[in-house]
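Colleague: got a predicted model here, sequence first, then my questions.
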Amino acid sequence: MSKSFSLVKYKGNPIISPRVESSWENRQTFNPGAILLGGKIHLLFRAIGDDWVSRLGYAASKEGFEVEERLGYPVYQHPAAPSDFTLYSHASGGSFGGVEDPRVVRVAEEESLYITYTAVDEGLRVGLTSIKVKDFLDKKWEWSPPRLISPPGEVHKNWLIFPEKIRGKYAILHSLSPKILIAYLDSLDFGPGIYLTSYHAKSNGMARQNIWDSVIRGAGAPPIKTESGWLLFYHAIGLGEPYKYRVGALLLDLEDPTRVIRCSAAPVLEPDADYENSGFKPGIVYLSGAVVKDGRLLVYYGASDNYVCIASCVLEEFLRSLTEEGREVFMETQVLPRPPTPFLQERRRARRDALSLRPKRARARKKD
């Protein structure tokens, strides 16, 4: 995309950083969900502290850039027993349990907000909770009991609810690879044992050569409705730098969001700032919140799994650039039998690093 229409990072980034004096958020603060309500932008951000449990913190901003309000306590925690703690969670952001990577959405003018998130519960699953808009604004954190909407024993992440019903039904986007998968539901009240069946292609089966988004990792913030189509951000990596996340953009058909109108030919956000390469996981930009305010697109993202940041642009110009310069094909058909050797080596090294961390912490606690 043209530089003139790219997302511009705020000079005051990061806007949220760990608080040394706060035991539940002194290690990492990142990957925020965002929603515009009552003239304010409200953020629910992921926080990790001394006990390595991932919780959600709250912050708010009138204009979207400077944080004027930030609560000193967590506002949501996924209930989980110690046996639920897993190294899968550590690999996905540093914690050993809890709630990860919230996406916040209001469907039309309904009286509730819905939050989908990664739940460390019998593996990595997708959790769904809700809260009345009035309670949210009054900071009465009376959440509905969480429902696990992905099957047990499977790893699923990055599921999003559309902010409007499509053809009279709730729509949940639950995969981008090897194709866009959307479930259409009459209700979001999942009963016991009711799960969505999903599939996300393994990277070694869908890696594509000679393209910036060789491996599609997952969807970003909940889709934004525009006149041009649903604007959806997604995360991807290239084969040459397998642990560097970049962000792309899609335009999806309003009536059939499985149909791609345009896909960004280049990343719209990539990790090139110091704060995006100096945290818990260098080289990561993870866009999980987006709003439109006064004609500007404001996107909120986690930087190096350590900070909350913002980037922005004029929405109309961004859409024009995406429409005129984007490619028509999202998922090409070229498939590689296995990724190149450096890719596998990086994956193995990351697993070894994760496995080596927990015993060290256990020994350190025993010495204390």
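Modeller: Ah, there it is.
Colleague: hmm, Cys263 is touching Gly326, no?
Modeller: Yes. Cys263 lies in contact with Gly326 (CB atoms under 8 Å); the separation is 5.5 Å. In this view, the C-beta of every residue, glycine as well, is placed from N, C-alpha and C.
Colleague: would you map the helices across the stretch 151-300 of the chain?
Modeller: In the stretch 151-300 of the chain, the helices defined using DSSP state H, counting those that start in this stretch lie at 203-206.
Colleague: how about low-confidence regions in it?
Modeller: Scanning the stretch 151-300 of the chain for pLDDT under 70 picks out 202-208.
Colleague: before we move on, what about the stretch 1-150 of the chain?
Modeller: 1-5, 80-95.
Colleague: cutoff 50 now
Modeller: 4, 82-84 (pLDDT under 50).
Colleague: from Val53, how far off is the closest residue to Leu269 other than its chain neighbours?
Modeller: With sequence-adjacent residues excluded and distances taken as CB to CB, 6 or more residues apart in numbering, Leu269 is closest to Val247, at 3.9 Å. Computed as CB to CB, to the nearest Å, the Val247 to Val53 distance reads 27 Å.
Colleague: ok so, going back, pull up the overlap in contacts between Cys263 and Gly326.
Modeller: 249, 251 (CB atoms under 8 Å, 6 or more residues apart in numbering).
Colleague: once you drop chain neighbours, what's closest to Lys157?
Modeller: Thr118 is the one closest to Lys157 (CB to CB, 6+ apart), at 4.8 Å.
Colleague: which outside residues touch stretch 187-207?
Modeller: 114, 126, 128, 130, 147-151, 156, 159, 161, 170, 172, 174-178, 181, 183, 214-216, 218, 239, 331, 335-336, 338-339, 343.
Colleague: in strands, which of those residues appear?
Modeller: 114, 126, 128, 130, 147-148, 161, 170, 172, 174-175, 181, 183, 215-216, 218 (DSSP state E).
Colleague: which of these sit farthest apart?
Modeller: Ser130 and Val215 (32.4 Å; CB to CB).
Colleague: before we move on, back to that, quick one, which of Val247 and Val53 is more surrounded?
Modeller: Using other CB atoms under 10 Å as the criterion, Val247 and Val53 rank with Val247 on top: 25 against 22.
Colleague: which residues does the more buried one contact?
Modeller: Taking CB under 8 Å, 6+ apart as the test, what Val247 contacts is 220, 233-236, 267-270, 285, 287, 301.
Colleague: ok, Arg27 next?
Modeller: Per CB under 8 Å, 6+ apart, neighbours of Arg27: 18, 48-50, 52, 94, 280.
Colleague: ditto for Leu56
Modeller: 44-47, 74-77, 99, 102, 117.
Colleague: again, 10 Å this time
Modeller: 32-33, 43-47, 74-78, 98-102, 104, 115, 117, 141, 143 (CB atoms under 10 Å, 6 or more residues apart in numbering).
Colleague: give me the buried subset of these.
Modeller: By neighbour count, with 16 or more other CB atoms under 10 Å, the contacts of Leu56 hold 32-33, 43-47, 74, 76-78, 98-102, 104, 115, 117, 143 as buried.
Colleague: one step back: can you tell me how far the residue nearest to Leu269 is from Tyr275?
Modeller: From Val247 to Tyr275 the distance is 16 Å (CB to CB).
Colleague: same question for Glu328.
Modeller: 35 Å.
Colleague: if you count surrounding residues, which of those two has more?
Modeller: The neighbour comparison of Glu328 against Tyr275 (other CB under 10 Å) goes to Tyr275, with 16 against 8.
Colleague: hang on, the earlier thing: in the sheet, who's paired with the residue nearest to Leu269?
Modeller: His235, Leu269 (DSSP bridges).
Colleague: between the ones in strands among the contacts of stretch 187-207, which is nearest Leu322?
Modeller: Closest to Leu322, out of all of those and judged by CB to CB, is Ile216, at 17.3 Å.
Colleague: can you give me the neighbour number for the closest residue to that closest one other than its chain neighbours?
Modeller: In this structure, Ile216 finds its nearest non-sequential neighbour in Ser177, 4.2 Å apart by CB to CB, 6+ apart. Residues near Ser177, counting by other CB under 10 Å, number 21.
Colleague: what comes up buried for stretch 153-163?
Modeller: 154, 156-163.
Colleague: same check, this time on stretch 286-304
Modeller: In stretch 286-304, counting by 16+ other CB under 10 Å, buried: 286-291, 293, 297-304.
Colleague: state the distance from the spatially most central residue of the chain to Asp135.
Modeller: For the chain, the residue nearest the mean C-alpha position is Ser288 (3.7 Å; CA atoms, centre = their mean). Computed with CB to CB, the distance linking Ser288 and Asp135 is 22 Å.
Colleague: what of Val247?
Modeller: 32 Å.
Colleague: now do the same contact list for Lys293.
Modeller: Lys293 sits in contact with 36, 39-41, 61-64, 312, 315, where contact means CB under 10 Å, 6+ apart.
Colleague: swap in 6 Å and give it another go.
Modeller: Gly64 (CB atoms under 6 Å, 6 or more residues apart in numbering).
Colleague: what's the answer for Asp253, then?
Modeller: Per CB under 6 Å, 6+ apart, neighbours of Asp253: 229, 259.
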